[in-house]
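Engineer: Below: sequence and its predicted model.
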Amino acid sequence: MIDVNKLLEILLYQKDDPILFNSAFFFYFFAAFLLIYLAVGRSKEGRVAVFTIFSLYFFYKACGYYVGLVIISAIVDFNLSRWIYYTEDKRKQKSLLILSIILNLGLLFFFKYTDFFIGIVNDLKLANFQPLKLLLPIGISFYTFENLSYTIDVYRREIKPVDSFMDYLFFLSFFPKLMMGPIVRAADFIPQISQPYVLDKDDIGKGMYLIIAGLFKKVVISDFINQNFVQYIFDDPSKHTGLECLLGVYGYALIIYCDFSGYSDMALGIARWTGFKIPPNFDSPYQSSNITEFWRRWHISLSSWLRDYLYIPLGGNRKGKIRQYVNLLLTMLIGGFWHGASWNFIFWGAMHGGALAVDKVRLDWLKARGGGATGWVGTVMKVGGVIFTFHFVCFCWIFFKASTFQDAWALIHQVVYDFQPEVWLELYNGYTAVFWVMLLAFILHFLPGRMERYTEQGLSRLPVVASVVVMVVFIWLLVQVKSTQPMMPIYLQF
């Protein structure tokens, strides 16, 4: 007999157990969704309705009644964008755009930054406000930026607003990317809604590869390294040697990449299976030979959004070199603040902004002299650039990960003043499996892109039955190695 209370407990929102791509509940959710979605696949209205309903339920399972914020945001920006487009008065268009920006950023600011500024006011002894301790709605940073890009693009006459509210709600709530991105632009997504749903072998192979790769990155690499090594280091760096701390930083560089890119890969794979192509969000960023290249490869949807809707409107490189460097710094400061209400994130953004400005000076200098070195000297310099860039990014990750500035400086202090390289054998014996997983992760990351394409092509050649077997076997293996308690994704907090 069915236990109704147990069933309701599973189906209703649980604050301590939100739905995750790597949770058991999600596999049942996705199987049910896919069966119904395939059943209505010939009807555009049916696909939109099914996808939207499942997406809103997915969001409800992730953060409860905050699902209402997605619906309200969709209603507001759907109507404002249409008023902007069909109003001929330029001043009214601008006023409506400003209203959209204020409403979207105001909502984000209220939930994400109110307590941060209350803390500043209290620290300055200007008042003594009680923090609101608001629960941050999952995904609000991502769908806020999607709303803003949509209304701004409509205002610029780069796209025409959609006529159907359900189409816009579908775009905004699309569950594969709702919680942690990528930040998808309406111009890339909405035209695909009306296209017939056709799933070919390439879609199956590409989607399967992305889902398997994403789950592997998240569960086998990120969660394992985090639970068995890195979390101990960052809990109290002062208790560990400098060698342990340095390896912990390397481990965190893998964790944040595999965690976030793993979820992005799964989002792209699920989207591909349902007839939608989302632009990639990562491109082997630790292969970058300079910081400018890194930001072309890391969180591509955010860096391109900041470029198009912040850096260029600030003036970009059109108002002189000094202004360009200031614009880069401001853009990355705001990008850091987007990640969270913390001085650590602001400092992290400032370091990247300053590095981008310095790298721009270097690139201009090389350009003025006809380019960089070639031949073996160029190869050596490129390798050196990759090593330097990786370590600069790792240094910045310390402040991104550490709970406080004190913790960050404590870790740096251990690396500089208490390295103790002689403990390496004892450390290896204690964390053998972790270090081998880290080595595997670095090897996989630095494999050439053609290896990925070969794997995708191999999966696309499999018959449907074989594809199902591959997925079932992989999920079974995943269950054997995954932790009993799913690790919360890092970017869920943003």
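Structural biologist: Yes, it's here. Residues are numbered from 1 along each chain as shown.

Engineer: Going by C-alpha atoms from here, please, whenever you check contacts or count neighbours.
Structural biologist: OK.

Engineer: List the buried residues for stretch 55-72?
Structural biologist: By neighbour count on 16 or more other CA atoms under 10 Å, the buried set for stretch 55-72 is 55-64, 66-67, 70.

Engineer: Now Tyr263. Nearest residue, chain neighbours left out?
Structural biologist: Sequence neighbours aside, Gly214 is the residue nearest to Tyr263 in space, at 5.9 Å (criterion: CA to CA, 6 or more residues apart in numbering).

Engineer: ok, that neighbour touching Tyr257?
Structural biologist: No - Gly214 is not in contact with Tyr257 according to CA atoms under 8 Å; the separation is 10.8 Å.

Engineer: Which residue of these two possesses the greater neighbour count?
Structural biologist: When neighbours are counted by other CA atoms under 10 Å, Gly214 comes out ahead of the other of Gly214 and Tyr257, with 26 against 22.

Engineer: what's the distance between the more buried one and Asp265?
Structural biologist: From Gly214 across to Asp265, the span is 5 Å (CA to CA, to the nearest Å).

Engineer: Test my guess that Arg323 contacts Ile312.
Structural biologist: No - if you go by CA under 8 Å, Arg323 and Ile312 don't touch, sitting 11.5 Å apart.

Engineer: So which elements touch the longest helix along the chain?
Structural biologist: If you go by DSSP state H, the chain has its longest helix at helix 90-123. Using 3 or more CA pairs under 8 Å, 6 or more residues apart in numbering; DSSP states H and E, the elements in contact with helix 90-123 are helix 67-86, helix 140-155.

Engineer: residues making contact with the shortest one?
Structural biologist: Which is helix 140-155. 70, 73-74, 77, 80-81, 84-85, 93-94, 97, 100-101, 104-105, 108, 159-161, 172, 178-187, 305, 309, 338, 494 (CA atoms under 8 Å, 6 or more residues apart in numbering).

Engineer: Dihedrals phi and psi, Phe276?
Structural biologist: Main-chain dihedrals, Phe276, degrees, to the nearest 10: phi -120, psi 140.

Engineer: what's the burial count for it?
Structural biologist: Neighbour count for Phe276, taken as other CA under 10 Å: 21.

Engineer: so what's it up against?
Structural biologist: Per CA under 8 Å, 6+ apart, neighbours of Phe276: 189, 192.

Engineer: pLDDT at it, what is it?
Structural biologist: In this model, Phe276 is scored at 95, pLDDT.

Engineer: With Leu427 instead?
Structural biologist: 95.

Engineer: which regions of the protein lie under the pLDDT threshold?
Structural biologist: Applying pLDDT under 70 to the chain flags residues 1-3, 480-487, 492-494.

Engineer: What segments of the stretch 301-450 of the chain are helices?
Structural biologist: 321-339, 343-368, 375-401, 405-417, 424-430, 432-445, 449-460 (DSSP state H, counting those that start in this stretch).

Engineer: where's the nearest residue to Trp397 once chain neighbours are set aside, which helix or strand?
Structural biologist: Distance criterion CA to CA, 6+ apart; nearest residue to Trp397, sequence neighbours excluded, is Ala253 at 7.0 Å. Assessed by DSSP states H and E, Ala253 sits inside helix 242-273.

Engineer: And that helix, how far out from the chain middle?
Structural biologist: Mean-position distance between helix 242-273 and its chain equals 10 Å (CA atoms, centre = their mean, to the nearest Å).

Engineer: can you state the direction angle for it and helix 375-401?
Structural biologist: Orientation of helix 242-273 against helix 375-401 (axes from the mean of the first three to the mean of the last three CA atoms, to 10 degrees) gives an angle of 90 degrees.

Engineer: helices and strands around helix 242-273, which ones?
Structural biologist: helix 175-178, helix 201-215, helix 231-235, helix 375-401, helix 405-417, helix 432-445.

Engineer: What lies in contact with the last one?
Structural biologist: Identification of contacts with helix 432-445 by CA under 8 Å, 6+ apart yields 221, 224-225, 228-229, 251, 254, 284, 286, 428.

Engineer: Now list the buried members of those.
Structural biologist: Looks like the contacts of helix 432-445 have 221, 224-225, 229, 251, 254, 284, 286 buried, using 16+ other CA under 10 Å.

Engineer: end-to-end on stretch 303-322?
Structural biologist: Start-to-end span of stretch 303-322 (CA to CA) is 21 Å.
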